[in-house]
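[1] The sequence isn't on hand, but the structure is:
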């Protein structure tokens, strides 16, 4: 083949490969939405923690050289600001730091993706984490190494118990070096499926990724499918009196439409944003008005008024998505309050 043709072919291959890498790493506008694209499409509940953001919010100087006790103190301090309520690693932080060299002190971000089939803990790592070092530690601690670099390190309950206080989600681990990503799960088969998604061999949760992009760069967030939100945030979680009061309040506000997605996030600085997605864009403006009214009044099932917890700073509709911007009152754990039912303004 002539030299010029060879060079042209090489350039074409570089462009194609570069495009694929860019698609996997940057097709969505925010770290949260990109992370959702790497999670199994069957996921109905996502819990996000931006550990770099949490460290900035509390002014923490923990890192790779910190002790487990120092990392536990950092996590406790962050808990007081409702910054860690979405994390699955809080009670494991110190042990992870001491034994694995991987913890909330060194992670870039964490995403717990849960479905009816299983759960996978996704951890983004930065320059402070050496995955080869982590592989060596896993080997020394009793995990069984995979045949392939992207394969699953098999542990189990006995291995975990021998290490110390670690969440069950860390039983089995996969190290995806090309993506600066660590995956873990309590089920080997589900973790293998998650690896296929993350490496581009299966579909991710693209629909919810689009919705999550509206949260921009939250420090902590929850993202739910419509079915999950309509079940877990429903007023059916409340007693009969609260349900009757809720029915009256919803009717007085003009009614609402079922949700096809829900996301709420704690933003840098402390404000909270809730995104409520409906099926038809034509219904979103009316839902914005109704849900804004509901978010400004009584909170049946939770007690008191929503105004005791936050001030509604704004309500808007764009496309199918209703956005509510909330400013928490001093000392209120608004993100935690809005991620389990009953939540009147998120009713379906």
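    Arrived safely, thanks for sending. Computed from a predicted model, the values in this text were never measured in an experiment.
[2] Grab the nearest non-local neighbour of the residue nearest the centre of the chain.
    Ranked by distance to the mean C-alpha position of the chain (Cα atoms, centre = their mean), the top residue is residue 48 at 2.4 Å. Among residues not flanking residue 48 along the chain, residue 221 sits closest, at 4.3 Å (Cβ to Cβ, 6 or more residues apart in numbering). For the C-beta atoms, the positions are set from N, CA and C on the backbone; glycine is no exception.
[3] Then residue 42?
    Nearest one to residue 42, counting by Cβ to Cβ, 6+ apart, is residue 115 at 4.4 Å.
[4] Just confirm that neighbour contacts residue 39, I think it does.
    No: using Cβ atoms under 8 Å, residue 115 is not in contact with residue 39; the gap is 9.1 Å.
[5] Compare these two (neighbour count), which wins?
    residue 39 (26 against 18; other Cβ atoms under 10 Å).
[6] Might you report the residue contacts of that one?
    46, 111, 113, 120, 122, 194, 197, 198, 204, 205 (Cβ atoms under 8 Å, 6 or more residues apart in numbering).
[7] And these, which two are furthest apart?
    Greatest spatial distance among the contacts of residue 39 (Cβ to Cβ): 46 and 198, at 14.3 Å.
[8] Which pLDDT value belongs to residue 18?
    As predicted, residue 18 sits at a pLDDT of 40.
[9] List the contacts of residue 144.
    Contact partners of residue 144, counting by Cβ under 8 Å, 6+ apart, are 153, 154, 155.
[10] Oops, could you answer that again for residue 235 instead?
    Residues in contact with residue 235 (Cβ under 8 Å, 6+ apart) are 242, 243, 246, 247, 300, 301, 341, 342, 344, 347.
[11] I'd like these as CSV, with neighbour count appended.
    Listed next are those as CSV, based on neighbours: other Cβ atoms under 10 Å:
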residue, neighbour count
242, 19
243, 16
246, 22
247, 13
300, 21
301, 21
341, 20
342, 21
344, 26
347, 23
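[12] Looking at the contacts of residue 144, which is nearest residue 79?
    residue 155 (27.1 Å).
[13] how close does the closest one get to residue 167?
    Noted for residue 155: a distance of 12 Å to residue 167, by Cβ to Cβ, to the nearest Å.
[14] For the two, indicate the residue with more neighbours.
    With neighbours defined as other Cβ under 10 Å, residue 155 and residue 167 compare such that residue 155 has more, 23 against 20.
[15] what's near enough to touch that one?
    Counting by Cβ under 8 Å, 6+ apart, residue 155 touches 138, 142, 143, 144, 170, 171, 172, 173.
[16] Just flag the most distant two among the residues you listed.
    Spatially, the most separated pair among the contacts of residue 155 is 144 and 170, at 14.5 Å (Cβ to Cβ).
[17] Low-confidence stretches in the chain?
    Low-confidence segments of the chain (pLDDT under 70): 1-28.
[18] domains of it?
    Here the domain parsing of the chain from automatic domain parsing is 28-208, 224-346.
[19] so which of those gets nearest residue 215?
    Using Cβ to Cβ, the nearest of those to residue 215 is domain 224-346, at 3.9 Å.
[20] ok now that closest one, how far from the chain's centre?
    Chain-centre distance of domain 224-346: 19 Å, with Cα atoms, centre = their mean, to the nearest Å.
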